[in-house]
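Colleague: What follows is a predicted structure for the sequence shown.
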Amino acid sequence: MLLNLTSSSVKEFLISGFLGFRDQESRRTLFGVLLTVYLAILLGNILLILIFISDRTLHIPMYILVCGLAVLDIVITTNTVPSMLILFSFEYRVVPFAACFTQTMFWVGLFSTECFLLALMAYDRYMAICNPLHYPNLMSNSHVSKLMAGCWVAGFLSATPSVGLVLSLSFCGNVIYVFCDFATLLSLACGDIQIINYALLSTGMSVLFISLILILLSYLRIIISVVRIASKEGRMKAFYTCGTHMLVISVFFLTAGGVFISDKIPFKSIDTRILGLVVRNVFPALMNPVIYCLRTKQIKKNRYRILMKLCTFIMLCSV
């Protein structure tokens, strides 16, 4: 493995897996576990999308956003998990410079997009509960779809300066673990990059905190409005509707925060960091469809019907 390279010689990166699982049997186990998780993510999120498509009563802003989150979760995991599966089939693999930065750009852009989309979902609940009379006009299906597209544009636009700064750096190393993530690429840069580090941290924290502030403000207004609702049933219904989204937000931000904090802990093993990256990429996408299928009555009502259709289709295809 080439560890000390001049910037001009870094034409490709060497992707390595868990240091403690180098033998073939361990790699097969990791491959099987990750493949099972990835298939579960695809099945769960595709099921949500099929439920949304098949039931016209779900064609409302709230479920358009849920469907958009399911699509985003599929794209996020597909950006990283297939490359991890290839890696766990071998001891290491070589990735061209351009391919590595493309994966990094999508990783940062998709993370930012999910932050903005979760903020939009909170805003949608705020409008539905705090402005019910104006909600149908202010949050129509077409308007929500445009706002959702705006989240994707804003996510990738906010990622562009960060990726551009990293791309301008010189690199003195070429060993990356699991996939091309932002922090590892930064750690391979040559020379004093403290100013760039602060600039990148400020950009990332801006996306995170803007999203969190919008979410917190939306739910603060929701709580104030719900407390004023006279009937107990009305208050419970409002809290139940918001509770599902709050669970999804908690899973996303707590996982991201846990990985960020663990990166700052000195003397931690490389395998611990790798595990954090893997969990960060698959856990929210795995849990989101579970949360919505278990806690949302309309989705719960349709999931068995869709599953039966899928099973029937698979059986017919296998005949």
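Modeller: Here it is on my side, so go on.

Colleague: State the number of residues packed around the residue nearest to residue 41 when sequence neighbours are not counted.
Modeller: Once flanking residues are discounted, residue 41 sits nearest to residue 285: 4.8 Å by Cβ to Cβ, 6 or more residues apart in numbering. Any C-beta I mention is one placed from the backbone N, CA and C, and that applies to glycine too. Residue 285 has 28 neighbouring residues, counting by other Cβ atoms under 10 Å.

Colleague: for residue 101, same thing?
Modeller: When neighbours are counted by other Cβ under 10 Å, residue 101 comes out with 17.

Colleague: re the thing from before, how far away is the residue nearest to residue 41 from residue 255?
Modeller: As judged by Cβ to Cβ, to the nearest Å, residue 285 and residue 255 stand 10 Å apart.

Colleague: how about the strands of the stretch 1-150 of the chain, start to end?
Modeller: Under the criterion DSSP state E, counting those that start in this stretch, the stretch 1-150 of the chain contains strands at 12-16, 92-96.

Colleague: Could you say which of the ones you listed is packed most deeply?
Modeller: Mean neighbour count (mean count of other Cβ atoms under 10 Å) peaks for strand 12-16 among the strands of the stretch 1-150 of the chain, with a mean of 19.

Colleague: Could you name the helices and strands sitting against that one?
Modeller: Applying 3 or more Cβ pairs under 8 Å, 6 or more residues apart in numbering; DSSP states H and E, we find strand 12-16 packed against helix 61-89, strand 92-96, helix 97-130, strand 175-177.

Colleague: For residue 54, find the nearest of these.
Modeller: Among these, helix 61-89 comes nearest to residue 54, with 11.6 Å by Cβ to Cβ.

Colleague: which strands and helices sit next to the closest one?
Modeller: Against helix 61-89 (3+ Cβ pairs under 8 Å, 6+ apart) you get strand 12-16, helix 24-54, strand 92-96, helix 97-130, helix 141-167, helix 270-295.

Colleague: buried set for the longest one?
Modeller: In this case it means helix 97-130. Neighbour counts over helix 97-130 (16 or more other Cβ atoms under 10 Å) mark 100-101, 103-130 as buried.

Colleague: Report the mean confidence score over that helix.
Modeller: Helix 97-130 shows a mean pLDDT of 88 in the predicted model.

Colleague: Relative to residue 166, which of the strands of the stretch 1-150 of the chain is closest?
Modeller: Of all the strands of the stretch 1-150 of the chain, it is strand 12-16 that lies closest to residue 166, at 12.8 Å by Cβ to Cβ.

Colleague: now the angle from that closest one to strand 92-96?
Modeller: 150 degrees (axes from the mean of the first three to the mean of the last three Cα atoms, to 10 degrees).

Colleague: Strand 12-16 pairs with which strands?
Modeller: Counting by DSSP bridges, the strands paired with strand 12-16 are strand 92-96 (antiparallel), strand 175-177 (parallel).

Colleague: With distance to residue 223 as extra columns, can I get those in a markdown table?
Modeller: Below are the strands paired with strand 12-16 laid out as a markdown table (distance: least, Cβ to Cβ, whole Å):
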| stretch | distance to residue 223 |
| --- | --- |
| strand 92-96 | 47 |
| strand 175-177 | 42 |
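
Colleague: so which of those gets nearest residue 146?
Modeller: That would be strand 92-96 among these, by Cβ to Cβ, at 36.0 Å.

Colleague: so what's residue 156 closest to, chain neighbours aside?
Modeller: Distances taken as Cβ to Cβ, 6+ apart place residue 109 nearest to residue 156, at 4.0 Å, with adjacent residues excluded.

Colleague: Enumerate every residue touching that neighbour.
Modeller: 155, 156, 158, 159, 160 (Cβ atoms under 8 Å, 6 or more residues apart in numbering).

Colleague: tell me which of those residues is nearest to residue 65?
Modeller: Of all the contacts of residue 109, residue 155 has the smallest distance to residue 65: 14.8 Å, by Cβ to Cβ.

Colleague: Now do the contacts for the closest one.
Modeller: 109, 110, 111, 112, 113, 114, 115, 116 are the contacts of residue 155 under Cβ under 8 Å, 6+ apart.

Colleague: before we move on, back to that, let's see if you can find the most crowded of the contacts of residue 109.
Modeller: With neighbours defined as other Cβ under 10 Å, the most crowded of the contacts of residue 109 is residue 159; it has 24 neighbours.
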